[in-house]
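K.L.:
A predicted structure for the sequence below; I have some questions about it.
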Amino acid sequence: MAEKNILAYFKTPEEAESVSRKLQSLRVVDMSIDRFSMFPGTDQYGERNLTGMGSLSSVTFGNTIGGDAGVLAATNTSASGMSDGGQGGPTGRDILLTVVVEEESFEKAMKIIEEAGGFV
């Protein structure tokens, strides 16, 4: 049996989780919910870990990003305190629901996602 995948974007994790529960009635092969952001996160939705201080990025953004990602975070214009705005990062649909379904369930899955306000 052939499989199809769907990448759907939502505004909140709760919206994506609600849709994932509805999709369980279909022939779902695999499904995941993730948040993507300007900087790497530490939990399943990419929320920043607020423990630890020390680097410019940790003081500014309240995170514990290390390695190359920490260097990149520190180079962000909003990390210096000299920026006049625009440091909010991605806004809007930053929750990604990834679904793999059997081909026969694809259209129904798309309808469920779109009716719930997902952007495909």
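P.N.:
Ah, there it is.

K.L.:
any weak-confidence spans in this structure?
P.N.:
Residues of the chain that meet the criterion pLDDT under 70 lie in 37-91.

K.L.:
which stretches of it form strands?
P.N.:
With strands called from DSSP state E, the chain shows them at 3-10, 28-35, 95-102.

K.L.:
pairing partners for the last one, with directions?
P.N.:
It refers to strand 95-102. Strand pairing for strand 95-102, determined by DSSP bridges: strand 3-10 (antiparallel), strand 28-35 (antiparallel).

K.L.:
check which residues of it are buried.
P.N.:
Of the residues in strand 95-102, 95, 96, 97, 99, 101 count as buried by neighbour count, 16 or more other Cβ atoms under 10 Å. C-betas here are computed from N, CA, C, even on glycine.

K.L.:
likewise for stretch 10-26?
P.N.:
For stretch 10-26, the neighbour count (16+ other Cβ under 10 Å) marks 10, 13, 15, 16, 19, 20, 23, 26 as buried.

K.L.:
now do the closest residue to residue 18 other than its chain neighbours against residue 2, distance only.
P.N.:
Spatial nearest neighbour of residue 18, chain neighbours left out: residue 116 (6.6 Å); criterion: Cβ to Cβ, 6 or more residues apart in numbering. Plainly put, residue 116 is 25 Å away from residue 2 if you go by Cβ to Cβ, to the nearest Å.
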